[in-house]
Structures are given as C-alpha cells and as structure tokens.
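*Asks:* Coordinates for the following, if possible.
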Amino acid sequence: MPSARRSLSTRVGEFFAIDDDWERPASPIGRRDWLVGIVLSVAGILFLELARSVVEIHAGGQPLWVQWAAIVSGAMLMVWRRQHPILVGVLAAGHMFIVGVTMPMVMAQLALQTVYFVAIYAAVAYARHRRSALLVVAGITVFMLLWVGWQLALGGGLAEMTEDSVADGADGWFSPNVGAVATTVAVNAFYFVGAILVGQIAWRGARQRARLEEQAQTIARQADSLKRRAVVDERLRIARELHDVVGHHVSVIGIQAAAARRVIDKRPDEAAKALSQIEESSRDAVSQMRSLLGTLRDIQETADVDDAAATEQVRSKRAKGPAAQPSRSPEPGLTDLPALVAERTANGLTTAYELVETREGAHARVAPPIALTLYRITQEALANITRHSTATTSDVVLRVVEDAPAGAYAEVEVLDNGRARVGTSGTGLGQLGMRERAASHKGTVEIGARPTGGYRVRVRIPLGELDVASI
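*Replies:* Residues are numbered from 1 along each chain as shown. As a prediction, the model looks like this:
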C-alpha cells in the first residue's frame, strides 16, 4: 500500500525540526566574539575606502563619519550573534533596510553583506526555539524580497540597470528589464535562503553532537549502574555464603556442646571428644569466614579502581604479599556432599546420602557455580533441621539426570521425619537464601511439610550444554 504523500508544510516543518524541544545552549560572549566585531569593522572601513578610491560612492549626501558608523554598528552586531541570535537577526534586517534606503552603495559593501548573511545564519543556527527561529527568518526573507521588488518596480534601480545595459550594447536572450529583474531576484533569493539553509544544517550538526553526548552520558551511567549492581550482587552472594557457613557450624557446635554437657561428669572421654569437634568446627567456620571477608575486600577494592591497569596492579600487589592475602580453599561442590552428610551423622543426626545419576561421574562434572549452589542449599537445609526440627533422621538425595524430556538437570532433595519445634521460629533468611540461589540459575524450589509427615526441601536446576562436561 503506497504511503500518503506529505504536504510541503510537513516537509518544511520536519527539515527545520519545529517540534524538537531541544534548546541549543547559549554560548557566553568571549574574546573571540569581540575580535570578530572589531575585525569586521576595520575591514569594512578599509574596503569602503578602497572602493571610494576607484568609483564615486553615492551615500545620499551623508557625511563620512555616518558611513563609517553604519559599517561599525552593523559589524558589532556580530558580538551578540550567539548569545541573542533572534534579536541580532531582526536588528540586522532593520539595519540593512535603513542603510539600504539612505546609503545603498554603503549597504552593498562586502563587510555589511557578510554581516547580514551571518546574522540570518545565526538566527537559525543558534536560536533556542525552532518555531520562533523559522517564523523570524521567514519574515525577514519575505520582507527583504518585497523590498527588492518594490525597488525594482517603483524605484530607480531597474532604470539604472537597463540604461547601463543598453549603453554597453547588451544582446542576450532576454530583454534588459527581464534580465535585470530575474538576476536581482535570484541573487537575493539565494542570499537569504542560502543563509537559512546553512544555518539549519549547522543547527542539525549541533543537535547530533548533543545526542551523541547524551548517549555517551547514558552509557556511562548505565555502566556505573551495572558495576554497582555487580558489586551488590556479589555482596549478597557472600552474605548468603556467610549465613550458610555460620548457620551450619553453629548448629554443629550447639549439638556437640549439648552432648558434652550431658556426659561431662559420667563419660569425660566422650565429652572431650565433643569439645574437640566443637574446636574443629569453630576453626573451620572462622577460616571460611576469613576467606569470604577477604573476597569482600577484593570486591570493594576493585570497585573503587576505575582503570583496568590499576585494578590489575592491585591484584598483583595482593598476590605478591605473603601475608596480605588469606588462603583460599576450593569452594565445596557436589563431590563434598558425602562428607557433609557424614559430618551430620557424626554429630548425632542420622543422615543417609543417595546419589542418582544417569552416567557415572556426572555429578563431579557439574559446573562449579551450580555445584556450589546445591551444596550450600543442602548445608542450609540440614542446619535448619538441627535448629528448628524434632527430626532424628534425614535423607539427602542428589540426582543428575541427562535424558529428561524437559532437558538435563541437577536436583538435591533433603527429607526428614520431624516436625517444627516450638520456640525456634527463624527469620526466614535461610529459605530466602535458598530461593535466591536457585533463582540465580533459573532453578525451582519446593520447601514445606510433607503430607506423610516430616519436611522436604527440593531444588532443581536445569543444566545447559556448558553446565556438565562430557555428558
């Protein structure tokens, strides 16, 4: 279906961007502006005197100082052409009319013609509002063309040109009257319309540069926002890590402390064993907390450094110092689940572990981020059983399935046979952390009591091609 043809007024409006709300910033008057006005004044007087040395200048009987004043007053308008472009355009049009009526040969000098052209150009290029600029320069152009027409029709300009043409023996295609009128109108039309078009092109160039600057600023703001978001996300991850690590070890310490208190008088050997396990668990907790806090310091230090080379220098400096960087043990994964379960069993909670995988060793090849997520969720679920449940047994089932209809996935399920203990209601941060961890990998979470009794936590995370190697 052919598109509707746009009217001339619509095209003109689009070219002059009359609906654009952008305002070109006003440039302050500087030394360069004053220099332009002074140079044009001096050049105008110089060219006037050069012309006077060649031909007789008809200035309507005006004295020399008035002629000079006309040139200087017009040239000095250029000082404010960028600060007040519309006003300068109107004043230049009035100046052109007055000087043209009283001193036409002075008005025709190159310096003043340059001034009038630049004034109309500036009214378009530097105007704050497009609609007012278009109306003003269009009014000036129409007025000047009507004035030229009036001079040709009623003044002596046409008679003088045709007399000169006949005296010189002109023999062109057209009559002297037609040639004189057409030439004058064409020259003035190109003069005024050319100034307007060049001014609009300059305005569009400034508008494009402003858009590019806005886009660059937007990109910079977005980059800063993404940088801050990455830091916040990493801090939240570390907060979840701390919550899980501390919760796990504190629950173990609580169990061992209770056991030691019961047997310290009758079976001191068992009490000593429990205290030894408390000592080991507390040291492990402190070690992991130091590692996580060291990572947090790395994040803050890297976030405060903008230059990539400086960031690399900071990392290199930290790596070289023997005592500056705490040791980093490998993050736990799915292969560490049996040890986690065994630790819980040793601390008084009978816990069974079952691995279901469609290919041997698949659980060991799950991507480290997903493996860590499932490990931490299992750790938190077992810690919650200790803190908030009456359960005496629990089961941990790990499934890594590659041939499911909906795609490969890794799943961990923690079941227990207890019920919630009175007075141990938690803050809910543990379950929130589980959901956030799973959501970061587009996983699903089921947490709640089972109809047959007990409690269940089940988390399933889909695996892509890069999440499990060689599946």
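*Asks:* Could you give me the buried positions within the one helix or strand Val142 maps to?
*Replies:* Remark: Val142 resides in helix 130-154, with elements defined by DSSP states H and E. Neighbour counts over helix 130-154 (16 or more other Cβ atoms under 10 Å) mark 130, 133-134, 136-137, 140-141, 144-145, 147-148, 151-152 as buried. C-beta here means a position set from N, CA and C on the backbone, and glycine is covered the same way.
*Asks:* again with stretch 359-376
*Replies:* 362-363, 365-367, 369-376.
*Asks:* cool, stretch 55-63 as well?
*Replies:* 57, 59.
*Asks:* which residues touch that stretch?
*Replies:* Applying Cβ atoms under 8 Å, 6 or more residues apart in numbering, the contact partners of stretch 55-63 are 48, 51, 66-67, 102-106.
*Asks:* Ok, stretch 189-206 next?
*Replies:* 15-17, 24, 117-118, 120-127, 130, 137, 140-141, 144-145.
*Asks:* If we ignore the residues flanking it in sequence, what's nearest Ala17?
*Replies:* Arg130 (5.2 Å; Cβ to Cβ, 6 or more residues apart in numbering).
*Asks:* likewise Ala59?
*Replies:* Met103 (4.5 Å).
*Asks:* Run through the residues that contact that neighbour.
*Replies:* By Cβ under 8 Å, 6+ apart, the residues touching Met103 are 58-60, 62, 66-67, 70.
*Asks:* My read is that Pro368 contacts Leu334, right?
*Replies:* No. In terms of Cβ atoms under 8 Å, Pro368 does not count as a neighbour of Leu334; the distance is 9.6 Å.
*Asks:* mind listing what the helix or strand harbouring Val356 pairs with, with the direction of each?
*Replies:* Assigned by DSSP H and E, Val356 belongs to strand 350-357. If you go by DSSP bridges, strand 350-357 pairs up with strand 393-401 (parallel).
*Asks:* Pull out the buried positions in the partner strand.
*Replies:* Buried residues in strand 393-401, counted by 16+ other Cβ under 10 Å: 394-396, 398-401.
*Asks:* pLDDT of that strand, averaged?
*Replies:* Strand 393-401 carries an average pLDDT of 92.
*Asks:* show me the contacts for the nearest residue to Thr345 once chain neighbours are set aside.
*Replies:* Nearest residue to Thr345, sequence neighbours excluded (Cβ to Cβ, 6+ apart): Thr351, at 5.0 Å. Going by Cβ under 8 Å, 6+ apart, Thr351 touches 341, 344-345, 382, 393-396.
*Asks:* Thr351 pairs with what?
*Replies:* Ser394.
*Asks:* now the contacts of Met103 as JSON lines including distance to Ile201?
*Replies:* JSON lines is the format used below for these (distance: Cβ to Cβ, whole Å):
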{"residue": "His58", "distance to Ile201": "37"}
{"residue": "Ala59", "distance to Ile201": "36"}
{"residue": "Gly60", "distance to Ile201": "37"}
{"residue": "Gln62", "distance to Ile201": "38"}
{"residue": "Val66", "distance to Ile201": "37"}
{"residue": "Gln67", "distance to Ile201": "34"}
{"residue": "Ala70", "distance to Ile201": "30"}
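*Asks:* Let me know the secondary structure of the nearest residue to Ile29 once chain neighbours are set aside.
*Replies:* What sits nearest to Ile29 in space, not counting adjacent residues and going by Cβ to Cβ, 6+ apart, is Gln83, at 5.5 Å. Per DSSP: H, G, I helix; E, B strand; the rest coil, the secondary structure class of Gln83 is coil.
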